[in-house]
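Q: any chance you can model this:
(chains A and B)
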Amino acid sequence: MADYNKPIPVPDPFVNGPYWAGAKEGKLMLPRCTTCNHTHFYPRLLCPICGSRTIVWEQASGEGYLHTFAVQHRAFGAWGEETPFVTAYIDLKEGDRVFTVLRGVDPNQPEEIFKKIGSLCRVEFEEANDEVSIPYWRVVE
Amino acid sequence: MSNPSRRAAIVAAAEADQIGYLENPKTDFMLGVEAISNVCKMAGISPKDIEGIANPGNANAYAEYLGIVPKWVDTTAVGGCSYQIHTAHMLAAINAGMFDIGVVVHGEAGYSRRNYPRGGGPQRGGDPLGPDAQFMTPYGVAGAPSNYSHAMTRHMYQYGTTKEDYAQIAVSTRQWAGLNPRAVMHSKETHPAGGPITVDDVLNSRLISWPLNLLDVCLVTDHGGAVIIASERVAKSFPTPPVWIAGAGEAIGHATMLEMKDFTKTSAAQSSKRAYAMANMGPEDMEMAMIYDSFTITVALTAEVLGLAKPGEGHTLFENGKAAPGGQFPINTNGGGLSFNHSGMYGMQLLVESYRQLSGTAEDGVNGLPGKQTDAKSLVVNGTGGSLSATGTLVLVADS
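A: Numbering: from 1, shown residues only, chains lettered A, B, ... in the order given. Predicted coordinates:
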């Protein structure tokens, strides 16, 4: 934990609070609008689907599917020391999409990762400091 | 309400004294002021004649510096397409009778900025509670290439396109740079890596963000540019030919790529639809295209949503030299952001070259050698801003 040297977000106390509080406990929390029943991400004050403010937070399955990815060969700061690494967008089972650094794949074999598009991924959490744990996603099939 | 189509024209276009990789650093503002000075000289007017001014965020400083009190201002700042959108707004305002002569100005020291006494390096500003800082930056994304590569992967997945397909775009665009002496990659004399390239050169260049290689990625240069836009009433009174603004459209798909629903389509689908409708023309009426080429993938997928090619077939426009000098449908005739100049917001470079092509001034010896002037009388020019986020599309036609 003490050696986590990547950028650590300041948990937003206004809107994203439950997301980061959940991550701290190893849970993926997502916002759902009770008017239109859609889950959305990133979290909003207003539902981006119907405009209502009737948003509740619920624990999600923590599963999704690999939508697309890239292999980063150039990055800044601490990430610059870890190139190449794989970034990806994950389609959440509950709907909408998150961005992550993808685990469980070999950055030196992008053609192999390409074959994994659509594959099941699962979230895991890495403790960054006393307040923040960061979600990472892993290809599991 | 009257259709603003062809109610205003671009009557002059010019650039800063020096562009590209400047030996002596200049500021954004200096480059913009040089361009205004040069475009006014070309149009035979004084900066004092300018009634309307548009720039992404800094119109007030330009107005003050020129000593003018504009009747009309636009500071729309939505990235590289801002200049197409300024042009659209100016067309509407001129059509409404608000003024007769306006300038859209661009100054951006994308290269010199690195050599300023302080600062430099990646700027990590922005809202610490915004979606980028909360949900993107923790994962090491480093600027535009690291984002756009995800769209390229998805395009390859959905359509079976390959890295070789996109590489052709870089090869074709470099051929145009060979006809533009002001292009950074014009020749071995202008840059050690300049001159013609092959598909293999692109594929063998260093990986930046797979599937993007270095030669799939635009330059980072200095640029200043300006265009004068005039009402139909006065457009023919300039010494330079008018190029008519037949259609204009704008749209925003998203801000952060987290919100890009379909990574293979930008809002140019909507902005071009509006531009074509205003012009009463369609993609089949276009005789060339100027398409924002921050990356090869940007051109391929934009060509598709502009209706110039079917989904997944944007790259085929570049096959067999079709978009290259002498080809049947020229694209990015200045050498593009890939090989001419890309300062960060490339929309002005697109506008300047669009004017040159349709006014018959693309082979002036300074910005073009024999073979660069096409015989196109109409074109579609599309700017893209942010992370494939905002778009501005114009349909321009030559004076008849």
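Q: contacting residues for residue 12?
A: I went with chain A, as the question did not name one. A:20, B:129, B:134 (CB atoms under 8 Å, 6 or more residues apart in numbering or on different chains). Where C-beta positions appear, they are placed from N, C-alpha and C, glycine not excepted.
Q: try again with chain B
A: So residue B:12 contacts B:39, B:42-43, B:227-228, B:238, B:240, B:355 (CB under 8 Å, 6+ apart).
Q: what about chain A: which of these touch it?
A: The subset of the contacts of residue B:12 within reach of chain A, counting by CB under 8 Å from any CB of the partner chain, is empty.
Q: please enumerate the strands of chain A.
A: A:29-33, A:55-59, A:63-72, A:85-92, A:97-103, A:120-127, A:133-139 (DSSP state E).
Q: and the fifth one, does that touch chain B?
A: Yes. On the criterion CB under 8 Å from any CB, strand A:97-103 is in touch with chain B at A:97-101.
Q: just the third one next, same as before
A: Yes. In terms of CB under 8 Å from any CB, part of strand A:63-72 sits within range of chain B, namely A:67-72.
Q: what does the pLDDT read for the residue of chain A most remote from its centre?
A: Distance to the chain centre peaks in chain A at residue A:35, reaching 24.7 Å (criterion: CA atoms, centre = their mean). On the pLDDT scale, residue A:35 is placed at 97.
Q: mind listing residues that contact stretch A:113-125?
A: A:23, A:26, A:28, A:62-69, A:71, A:86, A:88, A:90, A:102-103, A:105-107, A:133-141, B:153, B:156-157.
Q: what do you get if the cut-off is 6 Å, keeping everything else the same?
A: Stretch A:113-125 is contacted from outside by A:23, A:26, A:28, A:62-66, A:69, A:90, A:105, A:133, A:135-141, B:157, using CB atoms under 6 Å, 6 or more residues apart in numbering or on different chains.
Q: hmm, back to that, select from the residues of strand A:63-72 next to chain B the one having the most neighbours.
A: Using other CB atoms under 10 Å in any protein chain shown as the neighbour test, these are led by residue A:70, with 31 neighbours.
Q: what residues sit buried inside stretch A:87-100?
A: By 16 or more other CB atoms under 10 Å in any protein chain shown, the buried positions in stretch A:87-100 come out as A:87-92, A:94-100.
Q: no wait, stretch B:200-209
A: Applying a neighbour-count criterion of 16+ other CB under 10 Å, one finds B:201-203, B:205, B:207-209 buried in stretch B:200-209.
Q: do the same with stretch A:113-130
A: Using 16+ other CB under 10 Å as the test for burial, stretch A:113-130 gives A:113-114, A:116-117, A:121-125, A:128.
Q: those residues: which two are farthest apart?
A: Taking CB to CB as the measure, the buried residues of stretch A:113-130 span a maximum distance of 29.9 Å, between A:114 and A:128.
Q: nearest residue to whatever residue of chain B ends up closest to chain A other than its sequence neighbours?
A: Going by CB to the nearest CB, chain A is nearest to residue B:140 of chain B, at 3.2 Å. Nearest residue to residue B:140, sequence neighbours excluded (CB to CB, 6 or more residues apart in numbering or on different chains): residue A:79, at 3.2 Å.
Q: quick one: pLDDT of residue B:82?
A: Residue B:82 carries a pLDDT value of 98.
Q: grab the nearest non-local neighbour of it.
A: Leaving aside its sequence neighbours, residue B:82 sits nearest to residue B:56 (CB to CB, 6+ apart; 4.2 Å).
Q: re the thing from before, I'd assumed residue A:75 was in contact with the residue of chain B closest to chain A.
A: Yes. The criterion here is CB atoms under 6 Å, and residue B:140 meets it with residue A:75 at 4.8 Å.
Q: quick check: phi and psi on residue 15?
A: Chain wasn't specified; assuming chain A. Dihedral angles of residue A:15 (phi, psi; degrees, to the nearest 10) stand at phi -120, psi -40.
Q: that's the other chain; I wanted chain B
A: Here is the backbone geometry of residue B:15 (degrees, to the nearest 10): phi -120, psi 180.
Q: what's it in contact with, if anything?
A: Neighbouring residues of residue B:15 by CB under 6 Å, 6+ apart: B:35, B:225.
Q: do the same with the one 10 residues further on
A: Shown in contact with residue B:25 (CB under 6 Å, 6+ apart): B:112, B:115.
Q: give me the distance between it and residue B:112.
A: Applying CB to CB, to the nearest Å, the value for residue B:25 to residue B:112 is 4 Å.
Q: go on, residue B:324?
A: According to CB to CB, residue B:324 and residue B:112 sit 31 Å apart.
Q: quick revisit: for the residues of strand A:97-103 next to chain B, which one is nearest chain B?
A: Chain B lies nearest to residue A:101 out of the residues of strand A:97-103 next to chain B, by CB to the nearest CB, at 4.7 Å.
Q: what sits closest to the closest one if chain neighbours are left out?
A: Spatial nearest neighbour of residue A:101, excluding adjacent residues (CB to CB, 6+ apart): residue B:139 at 4.7 Å.
Q: just give me the neighbour total for the one you found.
A: For residue B:139, the neighbour count with other CB under 10 Å is 23.
Q: how much space separates it from residue A:105?
A: As judged by CB to CB, residue B:139 and residue A:105 stand 14 Å apart.
Q: ok, residue A:46 next?
A: As judged by CB to CB, residue A:46 and residue A:105 stand 36 Å apart.
Q: between the two, which has more neighbouring residues?
A: Using other CB under 10 Å, the more surrounded residue of residue A:46 and residue A:105 is residue A:105, with 21 against 13.
Q: quick check, that one in contact with residue A:87.
A: No. With contact defined as CB under 6 Å, residue A:105 does not reach residue A:87; the gap is 10.9 Å.
Q: who touches both of the two?
A: With contacts defined as CB under 6 Å, 6+ apart, no residue is shared by residue A:105 and residue A:87.
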